[in-house]
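Undergrad: Just need the structure, nothing else, for what follows:
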Amino acid sequence: MSRVKSLLPIMLVLLVGLVAVAQEQPAKQKRKASAKATQRQPKQYPPEIAEAQVEVYKTVGDVELNVWIFEPKTSDKTSKRPAAVFFFGGGWRSGSPTQFVPHCQHLVQRGVVGIVVDYRVSSRHNVKMTACIADAKSAIRWVRENADRLGVDPDRIVAGGGSAGGHLAAATALLPEFDESTDNMKISCRPNAMLLFNPALVLAPVDGQQFFDEERAERFKDASGVDPVKVSPYHNVSANAPPAIIFHGKSDTTVPYATAELFARKMVDNGNRCELVGYEGQRHGFFNANKAGDEYYQKTVAEMDRFLTSLGYLDATRTERSLPTSSRSK
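TA: Prediction:
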């Protein structure tokens, strides 16, 4: 009995310790869950973009959609400057207009009005791909309709974008459907050129091609809510399409390089200008700024400059001065 009594203080200490540990565990789990929740918090939306003028280009119900406009400091609005309108990537589900801010900041140094566009996506607005297309078309129409006020040449409007945003840029040029019912249809949504960064261009099966399995076909059908052929730029290529350049990683598994090859070939076969610039070993999103030391951002921007210069949109005498040395050798 005396031995049991002697063990009681020790047992009491152990019991108190176990209770303390049991109480601490939920607290730790709560702190961990709180930390994870903080990490999952979305970035500010809509974003604040420094140095850009923000305007609403479209209102759908209670949703206001913005454009952010970067003004060249070396020219005035009476000179009718070219404009580059960019659509972000994100699988028509997410993404941010900030993606192409570096491209706009580069182009304003070249005398181009840079514009990044917000559009509805499924995660924020519960919409299908067709709504994304409608917004992209509305954005191009808005720029063209406001060309005089913005100091933009309505005949030198470039549509650009990456991945799903590249799809939207091509959609404004090639797809005959999915215009917003409230748009002024007298104003064309068709850009004068396209800058396509690893774009999604083939959204439906192509005879003889193995890259498009049933799972991919169902995914695009579900995302669009319509026959994928109707939203597939490749399937809607025709003569007199705007000139295009495609920047694509040859190791891209999200959007296979073969799809870019197919699109470029069909564009050329229809008498259109289309350049495909492939990058060995590069995967999806390789072109973004602040990735891999900016190497491929600089290289693709150099190609973008060359292409726009060839169209007469940029001053050829300023090209060498405006680009980093590393970006001139591909």
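Undergrad: Quick one: name whatever helix or strand follows the host helix or strand of Lys58.
TA: If you go by DSSP states H and E, Lys58 is part of strand 53-60. Counting by DSSP H and E, the next helix or strand C-terminal to strand 53-60 is strand 63-70.
Undergrad: which residues sit against that following strand?
TA: 46, 49, 51-59, 85, 97, 101, 104-105, 107-108, 113-120, 125, 135, 138-139, 142-143, 150 (CB atoms under 8 Å, 6 or more residues apart in numbering). Backbone N, C-alpha and C define where each C-beta goes, glycine included.
Undergrad: go again using 6 Å as the cut-off
TA: Strand 63-70 is contacted by residues 46, 49, 52-58, 104, 108, 114-118 when judged by CB atoms under 6 Å, 6 or more residues apart in numbering.
Undergrad: Then stretch 154-174?
TA: Looking at what lies outside stretch 154-174 - CB under 6 Å, 6+ apart - the contacts are 82-92, 132-133, 136-137, 140, 143-144, 147, 189-200, 233, 236, 242, 313.
Undergrad: Poorly predicted segments of the stretch 151-300 of the chain, please.
TA: Residue ranges of the stretch 151-300 of the chain with pLDDT under 70: none are present.
Undergrad: picking up where we left off before, just the ones of the contacts of stretch 154-174 in helices?
TA: Cys132, Ile133, Ala136, Lys137, Ile140, Val143, Arg144, Ala147 (DSSP state H).
Undergrad: tell me the contacts of the third one?
TA: Taking CB under 6 Å, 6+ apart as the contact definition, Ala136 lies against Phe87, Leu168, Thr172.
Undergrad: picking that back up, what's the most distant pair in the contacts of strand 63-70?
TA: Lys58 and Val108 (23.5 Å; CB to CB).
Undergrad: which residues sit in contact with Lys80?
TA: So Lys80 contacts Asp153 (CB under 6 Å, 6+ apart).
Undergrad: Now do it against Val112, distance only.
TA: 12 Å (CB to CB, to the nearest Å).
Undergrad: now Asp135
TA: Taken as CB to CB, the span from Asp135 to Val112 is 22 Å.
Undergrad: what do you get for Ser138?
TA: Ser138 is 21 Å from Val112, by CB to CB.
Undergrad: do the same with Tyr296
TA: 21 Å.
Undergrad: Quick check on the two: which one has the bigger neighbour count.
TA: Val112 (24 against 21; other CB atoms under 10 Å).
Undergrad: Can you show me the strands along this protein?
TA: 53-60, 63-70, 81-87, 113-117, 152-162, 193-197, 244-249, 274-279 (DSSP state E).
Undergrad: Please identify which of these is closest to Met304.
TA: Using CB to CB, the strands of the chain put strand 193-197 closest to Met304, at 5.8 Å.
Undergrad: And that closest one, what does it pack against?
TA: strand 152-162, helix 164-174, strand 244-249 (3 or more CB pairs under 6 Å, 6 or more residues apart in numbering; DSSP states H and E).
Undergrad: State the paired neighbours of that strand in the sheet, together with their directions.
TA: strand 152-162 (parallel), strand 244-249 (parallel) (DSSP bridges).
Undergrad: Can you name the residues in contact with it?
TA: 158-160, 162, 166, 169, 173, 242-244, 246-247, 287, 304, 311.
Undergrad: quick one: which of those is most hemmed in?
TA: Going by other CB under 10 Å, Ala159 tops the contacts of strand 193-197 with 33 neighbours.
Undergrad: partner residues bridging it?
TA: Val85, Met194.
Undergrad: quick one: it from Ala241, how far?
TA: 12 Å.
Undergrad: And for Val226?
TA: For Val226, the distance to Ala241 - CB to CB - is 21 Å.
Undergrad: The two: which is more packed in?
TA: Just comparing Val226 and Ala241: by other CB under 10 Å the higher neighbour count belongs to Ala241, 21 against 15.
Undergrad: Identify the residues contacting that one.
TA: Here Ala241 is in contact with Asn272 (CB under 6 Å, 6+ apart).
Undergrad: swap in Gly225?
TA: Contacts of Gly225 (CB under 6 Å, 6+ apart): Lys128.
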